[in-house]
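**Student:** could you look at this predicted model? Sequence included:
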Amino acid sequence: MHILLITSRYLPHRGGLEMVVSHLAARLIQNGHHVVIGTNRYPHFLPAVEMIDDIEVRRFSFIEPEWSAVKNNRMDLFAAGLFYKYVSTWQMERWMLEFHPDVVNLHYLESPASFLYRTWQKHTFPLVVSLHGGDVDGEPGQSQAKMDRFLRVSNAANAVTACSQSLASQAEKLNPALIGKIQVIYNAVDSDRFAAAKPWNLNYPYILSVGQLSEHKGFDLLIHGFSMIAKKYPDVNLVISGDGNQRGILERMAITEDVKERVVFTGKISEDAVASLMKGCLFLAVPSRREPFGMVALEGMAAGKMVLATKVGGIPEFLPVPLNSYVLPDESSWRDALDNALRVIKKGKFAGTENQITASRFSWQKLTQNYLKVYENAIFDFKKEH
């Protein structure tokens, strides 16, 4: 098949969405399919056309005119939106006519969706929409225009997928027409990479937490909870890996809580480095206030580590307890959970084999096969309708 993957973000940016799309693209190619990727050209200095891991990547300026720009006296942004609304749509249309995809898979229903929808209206094609989180519990609630976009594009799709049952249920509440239409395709993990990773030697035992440093990831709860037990475990540090707009706030919090020297911020690191950090940690903490799936928790399981996590999003759909623990999203609960986990680890009573076995069931090969089934059914349904 000729498969076109459209995504809001792609490499060299790194994140959960980029990981899923890049792994999916690589394995589709391994299965003999021709795959190209369309994504947002942001920052603008990124090339319009590029080969990444032998996959063609095309970037477009997916900018539309928004009244919020006018209200904020940013007429330059509004004018740019007017220009790219037509230019980028025209560029995408030409590119798609050249590639002639058998199926188009939109990953993350955000700004590219509007451009894709306009092209779909002129040149209908089998369309699959894959929901990943903020395109359900974030974007549609920001304005009526974004809600309308969600409804319009999800209704147009021949098939819709979500990365967890929790996210699928949220999407069905937004658009009841998705009931019976939406399918769950869980995210995946390279279990062998995490199981075989060489432990990162930081010369001290450490608790690990990984993710984008944003408010909904709950790192503030973790730092508060850790500060309450830090003196009880003077040899243990907390390592937080990732970057984001909350980093400065979290660093100042560590100072205020008198754990500045005990909380280590690594910044954003590679997938291999994350695997090494997980392999070397005492256990993994996932304090998120919300999660569409919970990829980091699955990675911790693949590394054979105990996982402490809030019971949100897709995490309860794969995290086994009492081997691991759920934590309420408040400071005192995280204090108690960290204390209990450290006592268990110090007694040597945790073996991570069951976690690794569970994680191995969420393979990239299985994810790819599930997507291929969705594509084939979408193409079949499209041909029946046309």
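**Tutor:** Yep, that arrived. Numbering: from 1, shown residues only.
**Student:** domain parsing for this protein?
**Tutor:** 2-188+364-385, 191-360 (automatic domain parsing).
**Student:** residue 69 falls within a strand, correct?
**Tutor:** No. Secondary structure of residue 69 (DSSP: H, G, I helix; E, B strand; the rest coil): helix, not part of a strand.
**Student:** which residues sit in contact with it?
**Tutor:** Neighbour list for residue 69: 75, 77-78, 81 [criterion: C-beta atoms under 8 Å, 6 or more residues apart in numbering]. For every residue, glycine as well, the C-beta is placed using N, CA and C.
**Student:** redo that, cut-off 10 Å
**Tutor:** 63, 75-81 (C-beta atoms under 10 Å, 6 or more residues apart in numbering).
**Student:** what about the residues you listed, which are in strands?
**Tutor:** Judged by DSSP state E, the contacts of residue 69 include no members of strands.
**Student:** among the residues you listed, which one lies nearest to residue 250?
**Tutor:** residue 77 (29.9 Å; C-beta to C-beta).
**Student:** ok, the closest one touching residue 71?
**Tutor:** No. The criterion here is C-beta atoms under 10 Å, and residue 77 misses it with residue 71 at 11.1 Å.
**Student:** those two - which one has more neighbours?
**Tutor:** Neighbours per residue (other C-beta atoms under 10 Å) separate residue 77 from residue 71, with residue 77 holding more: 16 against 9.
**Student:** which ones are touching the more buried one?
**Tutor:** Applying C-beta under 10 Å, 6+ apart, the residues near residue 77 are 63, 65-66, 68-70.
**Student:** highest neighbour count among those residues?
**Tutor:** Top of the contacts of residue 77 by neighbour count (other C-beta under 10 Å): residue 63, with 22 neighbours.
**Student:** about what we covered before: from the contacts of residue 69, list just the buried residues.
**Tutor:** For those, a burial check counting by 16 or more other C-beta atoms under 10 Å picks out 63, 77-78, 80-81.
**Student:** which of the contacts of residue 69 fall in helices?
**Tutor:** 75-81 (DSSP state H).
**Student:** buried stuff in the helix or strand containing residue 358?
**Tutor:** Assessed by DSSP states H and E, residue 358 sits inside helix 353-360. Using 16+ other C-beta under 10 Å as the test for burial, helix 353-360 gives 355-356, 358-359.
**Student:** and the least confident helix or strand in the chain by mean pLDDT, how far out from the chain's middle?
**Tutor:** Using mean pLDDT, DSSP states H and E, helix 67-71 stands out as the lowest-scoring helix or strand of the chain, at a mean of 78. Offset of helix 67-71 from its chain centre (C-alpha atoms, centre = their mean, to the nearest Å): 29 Å.
**Student:** with stretch 4-12 instead?
**Tutor:** 12 Å.
**Student:** what's the span of that stretch, first residue to last?
**Tutor:** 19 Å (C-alpha to C-alpha, to the nearest Å).
**Student:** offset the numbering so it begins at 21, please.
**Tutor:** Noted, 21 is the first residue going forward, which turns the last one into stretch 24-32.
**Student:** quick one: mean pLDDT for that stretch?
**Tutor:** Per-residue pLDDT over stretch 24-32 has a mean of 95.
**Student:** what's the separation between residue 34 and residue 40?
**Tutor:** As judged by C-beta to C-beta, to the nearest Å, residue 34 and residue 40 stand 12 Å apart.
**Student:** I meant residue 235, not that one.
**Tutor:** Taken as C-beta to C-beta, the span from residue 235 to residue 40 is 23 Å.
**Student:** then residue 189?
**Tutor:** Residue 189 is 20 Å from residue 40, by C-beta to C-beta.
**Student:** who's in contact with residue 264?
**Tutor:** Taking C-beta under 10 Å, 6+ apart, one finds 231-235, 237, 239, 270, 288 in contact with residue 264.
**Student:** ok, now residue 333?
**Tutor:** Here residue 333 is in contact with 153, 157, 183-187, 190, 308-314, 317 (C-beta under 10 Å, 6+ apart).
**Student:** could you do residue 74 as well?
**Tutor:** 45-46, 49, 55.
**Student:** which one (most neighbours) among the residues you listed?
**Tutor:** residue 45 leads the contacts of residue 74 on contacts (other C-beta under 10 Å) with 26 neighbours.
**Student:** that one against residue 39, yeah?
**Tutor:** No. Judged on C-beta under 10 Å, residue 45 makes no contact with residue 39 at a distance of 11.0 Å.
**Student:** and for those two, which residues touch both?
**Tutor:** What both residue 45 and residue 39 touch, as defined by C-beta under 10 Å, 6+ apart, is the set residue 31.
**Student:** quick one: low-confidence parts of the stretch 21-170 of the chain?
**Tutor:** Scanning the stretch 21-170 of the chain for pLDDT under 70 picks out no residues.
**Student:** can you give me the helices for it?
**Tutor:** Ranges of helices in the stretch 21-170 of the chain, per DSSP state H, counting those that start in this stretch, are 36-50, 87-91, 95-119, 132-142, 154-157, 164-176.
**Student:** how about these, which one is nearest residue 61?
**Tutor:** Nearest to residue 61, of the helices of the stretch 21-170 of the chain and by C-beta to C-beta, is helix 95-119 at 8.8 Å.
**Student:** and that closest one with helix 132-142, angle?
**Tutor:** 50 degrees (axes from the mean of the first three to the mean of the last three C-alpha atoms, to 10 degrees).
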